[in-house]
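using only what follows, build the 3D model:
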Amino acid sequence: MRSYTTTQARKYLAEIMDIVMAGEPVIITRRGGFAAVLISREEFDVWQEIKQGANFSVDTEKRNQKLLMKT
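Numbers count the residues shown, from 1 in each chain. The predicted structure follows:
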């Protein structure tokens, strides 16, 4: 995975976008530390689906526990 400083990211944004669109995440650092990761929209959509699925599982478990407490 490639890494760029925020200054480099501003300068090479078009190149970084090409890398990300090709499926490779890119790390952006700030003041020597980890700041962000750029990913493609396709990969973002997959993460959102996973996140929603995880939230659904937690919500379902909470509902089930409440139902058990009522009985």
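
show me this structure divided up by domain.
Under the assignment automatic domain parsing, the domains of the chain span 1-39, 41-71.

switch these over to TSV; also include mean neighbour count and mean pLDDT.
Every C-beta, even on glycine, is put in place using the N, C-alpha and C of the backbone. Converted to TSV, these look like this (neighbours: other Cβ atoms under 10 Å; pLDDT from 0 to 100):
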stretch	mean neighbour count	mean pLDDT
domain 1-39	13	95
domain 41-71	10	72
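
using the three-state scheme, assign Gly23.
coil (DSSP: H, G, I helix; E, B strand; the rest coil).

who's in contact with it?
Neighbour list for Gly23: 40, 43 [criterion: Cβ atoms under 8 Å, 6 or more residues apart in numbering].

now do Thr6
Contacts for Thr6 (Cβ under 8 Å, 6+ apart) come out as 28-30, 35.

now do the helices in the chain.
Taking DSSP state H, the helices of the chain run over residues 6-11, 13-21, 41-70.

hmm, who's touching the second one?
Translated: helix 13-21. 2, 4, 9, 26, 38-40.

and the residues you listed as TSV, adding distance to Asp18?
Putting those into TSV (distance: Cβ to Cβ, whole Å) gives the following:
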residue	distance to Asp18
Arg2	11
Tyr4	13
Ala9	13
Val26	10
Leu38	11
Ile39	14
Ser40	11
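
of the residues you listed, which belong to strands?
2, 4, 26, 38 (DSSP state E).

okay, Glu43 and Phe34: tell me how far apart.
Look at Glu43 and Phe34: by Cβ to Cβ, to the nearest Å, they are 18 Å apart.

quick revisit: dump the ones in strands among the contacts of helix 13-21 into TSV; add distance to Ile19 as well.
TSV is the format used below for the ones in strands among the contacts of helix 13-21 (distance: Cβ to Cβ, whole Å):
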residue	distance to Ile19
Arg2	6
Tyr4	10
Val26	6
Leu38	8
